[in-house]
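> What shape does this take:
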Amino acid sequence: MQISSKEVFFLISLITIIFLIAPLFMIAYVSLYNRRKKKHNEETESLKKAFENELLRSQMEVQEQTLKTVASDLHDNIGQLLGLTIITLSSININDPAKAKEKIAAAEDLAKRSVKELRALSRLLDGEELISRGLIGAIAFELDWLEKSQLFKIRYHSSVKTLPAKAGKETIIFRLFQETLHNIIRHAKALEIIINLEFINDLLILSIADDGIGFNFTEIKKLHKGMGLQNIQKRVAMIGGTVSFDTAPGTGTKTTITIPY
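Below you'll find the predicted structure:
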């Protein structure tokens with residue numbers, strides 16, 4: 001079967017067009033791939049910077065909250081201990097050796113307690129001291145200070161013994177914990193706070209509940225008064241987690257934070 005000259009010309013033309021178009025497609029594909037890769041790298045870098053900024057902000061807020069705790073404890077606890085020490089020493093009657101000895105012993109005990117509290121405060125002044133304990137230890141340490149105020153009944157349960165070391169995540173989670181506690185102290189009018197920490201299927205689940213006045217979550221968002229809640233939602237999302245607020249007026253509030261770990 002003979003091939004006509006027209007068919008030969010058509011085949012040559014088709015092959016020529018294919019050879020001309022193929023490189024154009026290849027160039028277009030490579031260009032599109034490079035643009036997507038550049039966009040992905042820019043998004044990754046942007047997320048990395050956002051996380052670093054959020055981590056820095058969280059660290060500063062942990063330190064700020066720590067300083068507030070130190071100031072409060074200096075005034076309410078150590079100030080009282082030292083005041084009692086002064087009163088005890090000034091009431092000593094050297095003409096009554098037996099009672100004088102008793103009061104000196106009491107003053108010595110008060111002074112020792114003051115030194116112990118000051119040492120604890122000096123450790124607390126270093127914001128990294130809390131996180132160096134690990135998230136579990138930092139939460140327990142924070143609750144110890146809160147319990148000292150005797151304003152709340154604290155119930156804390158943790159089934160978690162150890163966690164993989166993720167310092168950046170731990171700092172943000174701890175700040176979320178502090179922020180939630182701060183909201184309870186300021187707004188909830190609660191008497192009891194219940195904290196539960198679990199680690200299930202590579203998920204860290206932190207729940208913080210109170211028996212306070214609660215609130216209407218939808219209404220708060222509509223009135224744009226829930227900036228603190230939105231801040232918590234934003235931070236949780238930044239570390240790949242979720243947060244839920246179970247609350248209603250008069251029923252207290254339960255905040256549950258779930259973080260992939």
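
> From what I see, Thr256 and Leu203 are in contact.
No: look at Thr256 against Leu203 with C-beta atoms under 8 Å: they stay out of range, at 11.1 Å. C-beta coordinates here come from the backbone N, C-alpha and C atoms, glycine included.

> Any stretches of the stretch 1-150 of the chain with poor pLDDT?
Scanning the stretch 1-150 of the chain for pLDDT under 70 picks out the ranges 1-4, 8, 69-70, 72-73, 75-77, 120-133.

> Work out for me the element Ile194 sits within.
strand 192-200 (DSSP states H and E).

> angle of the helix or strand following that strand against strand 192-200?
For strand 192-200, the following helix or strand on the C-terminal side (DSSP H and E) is strand 203-210. Taking axes from the mean of the first three to the mean of the last three C-alpha atoms, to 10 degrees, one finds strand 203-210 and strand 192-200 inclined to each other by 170 degrees.

> For the stretch 151-261 of the chain, which segments count as strands?
153-158, 192-200, 203-210, 242-247, 253-260 (DSSP state E, counting those that start in this stretch).

> so what's the closest residue to His157 other than its chain neighbours up against?
Closest residue in space to His157, ignoring its immediate chain neighbours: Asn196 at 5.2 Å, by C-beta to C-beta, 6 or more residues apart in numbering. Residues near Asn196 by C-beta atoms under 8 Å, 6 or more residues apart in numbering: Tyr156, His157, Ser158, Ile205, Leu206, Ser207, Ala209.

> got it, and Leu110?
Leu110 neighbours (C-beta under 8 Å, 6+ apart): Leu81, Leu82, Leu84, Thr85, Thr88.

> swap in Ile213?
Contacts for Ile213 (C-beta under 8 Å, 6+ apart) come out as His187, Ala188, Lys189, Pro249, Gly250, Gly252.

> cool, Leu151 as well?
Ile185.

> What is the neighbour count of the closest residue to Gly252 other than its chain neighbours?
Distance criterion C-beta to C-beta, 6+ apart; nearest residue to Gly252, sequence neighbours excluded, is Asp211 at 4.6 Å. Neighbours of Asp211 under the rule other C-beta atoms under 10 Å: 18.

> One more: Ile257?
As a measure of burial, Ile257 has 21 neighbours, counting by other C-beta under 10 Å.

> What pLDDT does the model give it?
pLDDT for Ile257: 96.

> Isn't it up against Gly240?
No: counting by C-beta under 8 Å, Gly240 is not a contact partner of Ile257; they are 11.7 Å apart.

> which one of the strands of the stretch 151-261 of the chain lies closest to Ser13?
With respect to Ser13, and counting by C-beta to C-beta, the nearest of those is strand 253-260 at 58.1 Å.
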